[in-house]
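>>> Quick check, what structure comes out for this input:
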Amino acid sequence: MKKILALLAAAVVAVSAYAGEFADISIAEVKTLAESKKAVIIDVNGGDSYKMGHVPGALSYAAIKDKLADSLPKDKGSLIIAYCGSPKCGAYLAAAKAAEQLGYTNIKHMSAGISGWRSAGMKTE
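Residues are numbered from 1 along each chain as shown. Prediction:
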């Protein structure tokens, strides 16, 4: 039992470190940025989930991942926001790290994910 608890504790620490790699951004901030079109928002939930509803204006990572460089602004300081399903989802890292490898320096994570977006009563496309 002690080994299981130790393993679970280690997993929690690992997930916490993993989740904090990119700065978090609130739903309210993302809503404002989506409305003003002052950020590139990337949905990393997969094509079917994207079709069922996503943050307005968000790009589908599944559709653009092979041409990400062409889908992002030339300005490497542009705000890039990545999100996935929920606070426990780490799939957003695929897009965030890919943008980082392309030289983007202002990358944030909407950790609430699409589930938090919907729970907050926000509209989806």
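>>> buried set for the helix or strand encompassing Leu68?
Assessed by DSSP states H and E, Leu68 sits inside helix 68-71. The neighbour-count check on helix 68-71 (16 or more other Cβ atoms under 10 Å) flags Leu68, Ser71 as buried. The way it works is simple: take the backbone N, C-alpha and C, and place the C-beta from them, glycine included.
>>> helices or strands next to it in the packing?
Judged by 3 or more Cβ pairs under 8 Å, 6 or more residues apart in numbering; DSSP states H and E, the packing partners of helix 68-71 are helix 92-101.
>>> what element comes up after the helix it packs on heading to the C-terminus?
Next along from helix 92-101, by DSSP H and E: strand 106-109.
>>> in its sheet, what does that following strand sit against?
Sheet pairing here is set by DSSP bridges, and for strand 106-109 it gives strand 23-24 (parallel), strand 79-83 (parallel).
>>> Please enumerate residues in contact with it?
19, 21-25, 77-83, 92, 96, 99-100 (Cβ atoms under 8 Å, 6 or more residues apart in numbering).
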